[in-house]
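# I would like to see how this sequence folds:
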Amino acid sequence: DFWNEKRLGHMLKLTRGAGLTEDDVEKLKGKTKELLSHAPAPSLLHGDLWGGNASFCRDGDVVVPVIFDPAVYYGDREADVAMTYLFGGFDADFYRGYEAEWPLPDGHERRRTVYNLYHILNHQVLFGGSYAQQAREMIEQILQY
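This is a model prediction of the structure:
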């Protein structure tokens with residue numbers, strides 16, 4: 001319910017339903033609720049984990065990874081992993097390392113689209129442009145799952 005009310009629902013209000021009919025908005029929310037019914041344990045999330053907010057720095061003779069500019073909240077860890085696929089993504093070593101430490105559960109690929117739709121709608125609000133079309137394509141994909 002949090003996702004549909006506070007994340008997706010809020011962005012749909014700001015984008016005037018992303019061009020969807022009221023009926024299609026309800027179908028999207030129903031499908032989203034279904035896809036996010038896996039009941040994950042809450043994790044502390046970065047909240048804005050894209051390639052521009054991750055880097056490396058030197059600590060003496062050691063190079064260490066760093067993340068910055070968080071928008072922290074508790075939620076499904078898959079939401080952070082999903083965002084790493086947006087805006088250039090992370091390299092394959094990141095995903096291999098993540099899977100080796102804490103494998104993602106079945107269905108995460110579909111949930112990735114749901115979680116990333118929030119960010120694309122947010123970019124539509126902030127920047128306009130092609131984000132509206134990208135959001136529509138993601139919505140169509142979600143409705144077909």
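
# grab the nearest non-local neighbour of V25.
G17 (5.1 Å; CB to CB, 6 or more residues apart in numbering). Any C-beta I mention is one placed from the backbone N, CA and C, and that applies to glycine too.

# please tell me how far that neighbour sits from I120.
From G17 over to I120 the distance is 15 Å, taken as CB to CB, to the nearest Å.

# neighbour-wise, which of the two wins?
For G17 and I120, the more surrounded residue by other CB atoms under 10 Å is I120, and the numbers stand at 23 against 13.

# per-residue pLDDT, that one?
Confidence at I120, expressed as pLDDT, is 97.

# so what's it closest to, chain neighbours aside?
Leaving aside its sequence neighbours, I120 sits nearest to A135 (CB to CB, 6+ apart; 4.8 Å).

# and the helix or strand containing that neighbour, average pLDDT?
Using DSSP states H and E, A135 maps to helix 131-144. Averaged across helix 131-144, the pLDDT comes to 97.

# now G47. Its backbone dihedrals?
Phi and psi for G47, reported as degrees, to the nearest 10, are phi 90, psi -10.

# quick one: secondary structure of the residue nearest to it when sequence neighbours are not counted?
Take G47 and drop its neighbours on the chain: the residue closest to it by CB to CB, 6+ apart is A71, 3.4 Å away. Of the three states, A71 takes coil according to DSSP: H, G, I helix; E, B strand; the rest coil.

# coming back round to it: need the pLDDT of the residue nearest to V25.
What the model reports for G17 is a pLDDT of 92.

# for it, grab phi and psi.
For G17, the backbone dihedrals (degrees, to the nearest 10) come out as phi 80, psi 10.

# now L44
Per-residue torsions, L44: phi -80, psi 120 (degrees, to the nearest 10).

# double-check that F56 belongs to a strand.
Yes: assessed by three-state DSSP, F56 belongs to a strand.
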